[in-house]
Structure formats: C-alpha cells, structure tokens
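**Q** can you look at this prediction? I've put the sequence above it.
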Amino acid sequence: MKQITISNARQNNLKNISVAIPKNKIVVFTGVSGSGKSSLVFETVGAEAQRQFNETQGSFLRNRLQHIGVPDVDKIENLNVPIIINQKRLGGSARSTVGTATDVYASLRLLFSRMGKPFVGYSNAFSFNNPLGMCPECEGLGFVQTVDIDALIDKDKSLNEGAIQFPTFQPGGWRLTRYTLSGYFDNDKKLEKYSPEELNILLNASEHKPHKPHKEWGKTVKYEGIVPRIEKAFLKKESKENITRKEALKNIIITKPCPACGGKRLNDKILSCKISDKDIADCTALSIDELLGFVGSLKSDSYETIITELKNKLKNIVDIGLQYLTLDRRTDTLSGGESQRIKMVKNLGNNLTDLLYIFDEPSIGLHPKDLQHIASVIRQIKDKGNSVLVVEHDPDLIKIADWVIDMGPQSGKYGGEIVYEGSFEGLEKSTGKTGLYFATKPRINHRQRKAKGYLEIENGHLHNLKNVSVKIPKNVLTVVTGVAGSGKSTLINKVLPRFYPQITIIDQSLFAAGIRSNLVTYLGLSDDLRARFSKANKVSPKLFSRNSEGACENCRGTGVERIDLAFMDDIEQPCEVCGGSGFRPEVLKYLYHNKSIAEIMNMTVEEAIDFFPDELYAGSFDMLSKLGLGYLALGQRLDSFSGGERQRLKLTRELKHSNRIIVLDEPSTGLHPSDTQKLLDFMDALVDQDNSLIVIEHNLDVIAHADWIIDIGPGAGKYGGYILFTGTVSDLLKNSTSATAAYLRQHLHM
C-alpha cells in the first residue's frame, strides 16, 4: 500500500504506460509541455481519485458535483482522497476577498466581537456580506456604480434613430417601446432639443403610470426613466441578462468608492468598534505582515486563544510569500500563482493526514527567494503524512523531489512515455530533455548589446514605488527582476507607459475571446480551412463552422453542456451528442485529405505542420513551434490557454514589427527549461529587429541572458519599491546585497 500503481494508462497521448508512484513522498513530474504530465497526474490519477471520492457522497451532493469521466486506464490501485490545487484563478465576485478566501477574516471578526470597544454585535455583524454589518448605501461592496449619461445617450440622435446606446433600448429593442409609446416624447426629435424637463423624464423619472400613453401601452405597465431602469435590471442584481450584457455595461458604467463608507464596506455602527484605535476595515487594509505585527502586539488573557489562532493563520500567509497582500484585496484581482498559494494556505491549517495533494506548477510567478517558502510548505504537507504530486518545470523545485518521473521524449504524439523514474541525482544522467538540461552548465551573456539611447522614468511613485528614477536602455534586452510584490510590474506596466504611451505590453491576460474562439480562429485560418473542405466535398463552407450550419444542435456548436449550479461554479461536460467536437455528426463524413474537420481540429500544431505544407499555414505554425507551443491543438479553446501560452501566442504577432518598445511579463511561465532557449532565440530576434525589449522575469536562465538588468526590492510591498541595481549580468554577480544576485551565483555554480 506504499505506492499508487497505474496499469496501462492511455489518456490523451499516454502510450499505455504502467508506473508505480511512491506514497508519502514528494513526487515531481517533469517533461516538456505536452509530454503527458497533466494527462497522467491530473486527468488519470487526480480524475480517478476525485471520481471515486465523489461516488462515496450522497445522491443529493453527488448530483451537484462535477461529473468526471472514467479515465482511459486499465486500473489504478491504492488511491488516496485527493486535494487538487491548480492554477485556476480564484475568481469570485466583488464579495470574495483574500480575508474571506483564507478564513482569516472569520477569525478577525471573532476577535473584534470579543475585544472591540464598544460592543456592537457578535461575529456575524462584522461581515460586509451580512445585512447587520454591511453599509446600506453600497450593500457591502465598498463601491457604487452609476450610469455615465454621456456614454448612454447620443444627443445628436432621436429615439427612433437609436439615441439610447444600450442593447434592448435601441430601435427594434423591446425596452425602447416603454419610451416611444409613453406619450411623453416626439420620437423623431433629437435629444439635444429636449427641454430640461423632457430629458429628466427620459433619464430619471421614478416609476409611475404615464398620463397620456399611446393606445398600444399596456393597462398595467408603468413608466420609469432609463437610469433607474438600468440600475434595477443590471446593477442591483446578479441576473442572467446582467452576465450576457457584461461588455455593453462596461461602456456605460462608472465605478467609484462608496461615498457613505469610503470603501470600507461596513456601516457606521460596526466601524465605531475599535481595538487600539483601529476598526476592522483598518486592519484588513494593512498588509498581512503589518497585520501580523498589530495582532502580535495585542495582550489579553481572556482571548489569547483567538489571538494565537489569528497569528498562526497570518503567519502561514507570510510563510508562503504573500505577506504583501491585504485581507481586503478582491480575489478576482489575484494572479494564477497568487491564487494557487492562497489555496495552499487553506490546507496548511488542517490536520488531516494520508491525503493525496496534487500541485500544478506552484513555482509560477515566484522569484527564486520566494520558492524556498513554497518548498518549505510542500515539505510540511508531506511531513504530516500526506503524498504530494507536483507537475513542475522550475529546476529549484524539481530538486526537492524524493522521486522524479520524467515524461517525454517530446510533445503530443511524440510524447506520452516515461523517460526516467528515480531520484533527482540520477535525473541528470538520463537521456530526456530534462536530464540534458541539468547536465548542461548554465551560461551568462558576455556579449552585451550597446544601448542606442535611453527611456527615462523620473520620480515614479505609484503603489509601493519610492520616487524611483531609472534609465532603461533602448534596442537591447533589459530584464527587470526582484521578488514577487517588489514593484516590477508597477514600474514597467503602469509607470513607464505614462512617460511612453506608445509602449506595447504583452501580458498573460485573457484574449477578448469567448467559448467559440480557438487557435485556428486566432490565427485567421478558419475561413481558408472551411473553403478547402467545401471545395473537396462540393458542399457549403458553412457546414464546417461550429457557429453556422455545421453546429451540433444539442450544444449549439460549443462542444460542451453547461450546468448552472446557481451559487457554485458552473459545470461543463462534453456534449453527449457530438462527443465534444461541436459539429453535427453527419458533417464528420466529409473529408479533406482523409481527415474530417473534427480530426483536424484535434491535431497538434506539430502534426499540422506536416499536414499543411503550404506557406499560409506553415508561417503561423512554424512560429508557434519556435515558441515551444507545438503541442497545442488547432481547435483548443482560447479561454483554456494558460497565461504563458496566451502571452507567447500574442508574441507571434509582434515579430512583424520594428522600432517598438515591447514589454513581456514573465514570458517563461509554464515553459520547460529546454524550451526557454527557444524563447531566448525569439527574444533575440525581436531585439535584432531594432526593438527595445523589456522583460519582467524570475527565470534565472533568462536573467543570465540579459544585456542589462534592473533589480527592484529589497522585499515585497512596503519593503520593496527601490532600485537595488542596474547594470550588466557580470556586474550583478559581484553585487553583495541583491537576492537575485545571490540566487544567480548559486544557479551558475559560482
């Protein structure tokens, strides 16, 4: 029972593999992207463990849990109950904060209900999600939203010409009739000619029966101005229509701090309760380490237990390297790496043992110094008697493994095998790409390019920056380093554009793309692909579109069926009619070079390079291959791409340009070390085209390759915001104060 045994796993690209995974150890799975790591760890072991655990629940709960299919494997023995901690952002609504997500706010509320003076209520009263505590003006959100009248109406138009610029209020929209049939307006008169009284009735009138409406006006229908109507329908409630109109709402809504509570979310009575001159909102606005200091200064024999529990929870957040966050920070503003570490914190506090923890690249977004925190947490979890599986690319985290399973040898159909299994010491003697990386001595850039002028920032003081002035060389590769939260992104992504608005920032944010967008549509190849199928089969090209005649009638071409669970995350599962392809089954009989449209959509980029030899496709696919994205499927939904994948995909559009200032925010995210070299070659090509390239990065191989380094620190949050060093890699290695320098020396075995 000391190992999980897998027999003949065939999930995705796995080649019928059998493997024994030791229990109560840290087992790290390595290999290039697309080699089969996730297929084995998440989609085989994790999925089966989760599925079997779900089967133990009662029918009521089981029907509301995600329906996980049976993985393609003969058998898996000796599984434990799983806790899967992935990079999916915490998301949540405006009511979800770091404090609520970590349960720290619950302990803080308890403390204020006991120690706070004057007594204003029990623990629940301190919740901004409870009617007893929430500010009545903003209902506990901390902000209010109002309609931007100038964006909502076009005064140069009449009602019949579409003066109201919001869906369903425009000509033909059902909400517009409430105004055109009201009897109050000349529907062909331009709004700029309305009297103040007419404009007020149109925009602000409260609900009432109109005096002389049109004969088609319903007997029980009431009139209401556009602004209160939009506020009621879209701003005051989370409705389905609210979600579908999200983009349109963005254009007409102004958000500002609540004037009643000043953004504190709570009412005056609750905020009158204080401990050492601080109300509970003051505490949640402190950085975690400042709050830990404040709580540590409190003395109370009666409430020592509450204070100790709160200190322990806060210390766990500090230990994991998130001391710069505040409890009032909304969870939907956290990065994927921060979200994953918040999930880790929640599990640090429990005393359950013999669980199976599965982590997905916990190194993401972390400086080598912060990685020591993560390594410590993973060891703590193992030492409690749990088994830990980690999918990881970072060399420093791979080194903490008790056992390594290296997948490969390459991606997609050329992967799916176990290249090596054993101790870390034996890995560098193995034949795979991971072993080769560890067997190769890292190098630094000794041939720095010379600057052709400078970009200058003077007195940058946003967020935690301490009046920073710095010169960034042009036409070279500049790497900006420093621990997470030190101020790198603030300086480069927020302050630099104020001085140079023409800057191009390529980050890891989502594309403006929905469930129907995929790699082929992003590359602009979908029309040509449909035309090829149409010509080969002498049928309409619309048959080969999932948004047109070819769409599966059950899922309407999305390939998934979505189950709305109201207060929980929606569940998606493959459509049972089309099997997830999104196409009507009869469309799949039409072939192009012996492949159906669904088979082509399932091809990887590497496979497509051989299948489509002509230049139209080869140009785009070769570029993706050079960036280490050859394993992506042509039909893969854009909203399923990781941050690093998104960024590299955006990068493919930039090689066509020159004389640009280009910023990349941690482009090595999710890259196997062997693919980092491909990224460096790509970045060199950008600089050689006379671009100025500024890269925010933690990866030590990227740092070693830089022409110029800007190191920010020394710590995170209030402890950061200073320029510690500017210069070449060679000079950085001589620096005695920079944490980046210390870890780079270690990396280079100096």
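**A** Good, I have the coordinates.
**Q** report pLDDT for Thr669.
**A** pLDDT, Thr669: 86.
**Q** what's the answer for Val19, then?
**A** Here the pLDDT value assigned to Val19 is 98.
**Q** next secondary structure after the helix or strand where it lies?
**A** Val19 belongs to strand 17-22 when assigned by DSSP states H and E. Scanning forward in sequence from strand 17-22 by DSSP H and E, the next helix or strand is strand 26-30.
**Q** what angle sits between the strand holding Val19 and strand 26-30?
**A** On the basis of axes from the mean of the first three to the mean of the last three C-alpha atoms, to 10 degrees, strand 17-22 is oriented at 150 degrees to strand 26-30.
**Q** adjacent strands (with direction) for strand 17-22?
**A** Applying DSSP bridges, strand 17-22 is found paired with strand 3-9 (antiparallel).
**Q** tell me the buried residues in the strand it pairs with?
**A** For strand 3-9, burial by neighbour count (16 or more other C-beta atoms under 10 Å) applies to 3-4, 6, 9. Every residue, glycine included, has its C-beta placed from N, CA and C.
**Q** same question for stretch 666-685.
**A** By neighbour count with 16+ other C-beta under 10 Å, stretch 666-685 contains the buried residues 666-676, 678-680, 682-683.
**Q** let me know the closest of these to Ile358.
**A** Sorting those by distance to Ile358 puts Gly670 at the head of the list, at 16.7 Å, by C-beta to C-beta.
**Q** where does the closest residue to that closest one other than its chain neighbours sit: helix, strand or coil?
**A** What sits nearest to Gly670 in space, not counting adjacent residues and going by C-beta to C-beta, 6 or more residues apart in numbering, is Gly644, at 3.6 Å. Of the three states, Gly644 takes helix under DSSP: H, G, I helix; E, B strand; the rest coil.
**Q** can you check Glu48 too?
**A** helix.
**Q** check contacts around it.
**A** Applying C-beta atoms under 8 Å, 6 or more residues apart in numbering to Glu48 gives the contacts 70-71, 73, 76, 79.
**Q** how does it look with 6 Å?
**A** Applying C-beta atoms under 6 Å, 6 or more residues apart in numbering, we find Glu48 in contact with 71, 76.
**Q** so Lys384 is in contact with Thr353, correct?
**A** Yes: using C-beta atoms under 6 Å, Lys384 is in contact with Thr353, at 5.4 Å.
**Q** ok, the two, which is more surrounded?
**A** Ranked by neighbour count (other C-beta atoms under 10 Å), Lys384 and Thr353 place Lys384 first, with 17 against 11.
**Q** and the more buried one, what is it in contact with?
**A** Contacts of Lys384 by C-beta under 6 Å, 6+ apart are Thr353.
**Q** tell me the buried residues in stretch 65-76?
**A** For stretch 65-76, burial by neighbour count (16+ other C-beta under 10 Å) applies to 65-66, 68, 71, 73, 76.
**Q** pLDDT added to the residues you listed, as TSV?
**A** Below are these laid out as TSV (pLDDT from 0 to 100):
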residue	pLDDT
Leu65	72
Gln66	68
Ile68	70
Pro71	90
Val73	96
Ile76	97
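**Q** so Phe583 touches Ser548, yeah?
**A** No: contact criterion C-beta under 6 Å: Phe583 and Ser548 do not qualify, at 10.7 Å.
**Q** so the two - more neighbours on which side?
**A** Taking neighbours as other C-beta under 10 Å, Phe583 and Ser548 compare with Phe583 leading, 24 against 13.
**Q** what's near enough to touch that one?
**A** So Phe583 contacts 550, 552, 598 (C-beta under 6 Å, 6+ apart).
**Q** ok, the residues you listed vs Glu576, which is closest?
**A** Taking the contacts of Phe583 together and measuring to Glu576 by C-beta to C-beta, the closest member is Cys552, at 10.1 Å.
**Q** what's the neighbour count on the residue found closest to that closest one once you drop the neighbours it is linked to in the chain?
**A** Distance criterion C-beta to C-beta, 6+ apart; nearest residue to Cys552, sequence neighbours excluded, is Cys578 at 3.8 Å. Using other C-beta under 10 Å, the number of residues around Cys578 comes to 24.
**Q** for the one 4 residues further on, same thing?
**A** Other residues near Gly582 number 29, with proximity taken as other C-beta under 10 Å.
**Q** going forward, begin numbering at 15 instead of 1
**A** From this message on, residue numbering opens at 15, which makes the last subject Gly596.
**Q** I'd say it and Gly573 touch.
**A** Yes: Gly596 lies in contact with Gly573 (C-beta under 6 Å); the separation is 3.8 Å.
**Q** would you confirm that Gly45 contacts Ser52?
**A** No: using C-beta under 6 Å, Gly45 is not in contact with Ser52, being 9.9 Å away.
**Q** thinking again about what came up before, so which of the buried residues of stretch 680-699 belong to helices?
**A** The members of these that map onto helices under DSSP state H are 687-690, 692-694, 696-697.
**Q** distance to Leu476 and pLDDT added to those, as JSON lines?
**A** Shown next, in JSON lines, are these (distance: C-beta to C-beta, whole Å; pLDDT from 0 to 100):
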{"residue": "Pro687", "distance to Leu476": "34", "pLDDT": "91"}
{"residue": "Ser688", "distance to Leu476": "37", "pLDDT": "88"}
{"residue": "Asp689", "distance to Leu476": "34", "pLDDT": "87"}
{"residue": "Thr690", "distance to Leu476": "31", "pLDDT": "91"}
{"residue": "Lys692", "distance to Leu476": "34", "pLDDT": "88"}
{"residue": "Leu693", "distance to Leu476": "29", "pLDDT": "91"}
{"residue": "Leu694", "distance to Leu476": "30", "pLDDT": "94"}
{"residue": "Phe696", "distance to Leu476": "30", "pLDDT": "90"}
{"residue": "Met697", "distance to Leu476": "27", "pLDDT": "93"}
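**Q** dump these to a markdown table, plus distance to His222.
**A** Below are those laid out as a markdown table (distance: C-beta to C-beta, whole Å):
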| residue | distance to His222 |
| --- | --- |
| Pro687 | 69 |
| Ser688 | 71 |
| Asp689 | 66 |
| Thr690 | 67 |
| Lys692 | 67 |
| Leu693 | 64 |
| Leu694 | 68 |
| Phe696 | 64 |
| Met697 | 64 |
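**Q** figure out the length between the terminal residues of stretch 195-203.
**A** This stretch, stretch 195-203, spans 14 Å end to end (C-alpha to C-alpha, to the nearest Å).
**Q** give me the element Leu707 is part of.
**A** Applying DSSP H and E, one finds Leu707 within strand 706-710.
**Q** and Ala632, by the same measure?
**A** Using DSSP H and E, Ala632 falls in helix 629-640.
**Q** can you spell out which helices and strands pack onto that helix?
**A** Using 3 or more C-beta pairs under 6 Å, 6 or more residues apart in numbering; DSSP states H and E, the elements in contact with helix 629-640 are helix 619-625.
**Q** using the three-state scheme, assign Val593.
**A** Actually, residue 593 is Gly. It isn't Val. For Gly593, the assignment made with three-state DSSP gives coil.
**Q** since that was my last question, I'll sign off now.
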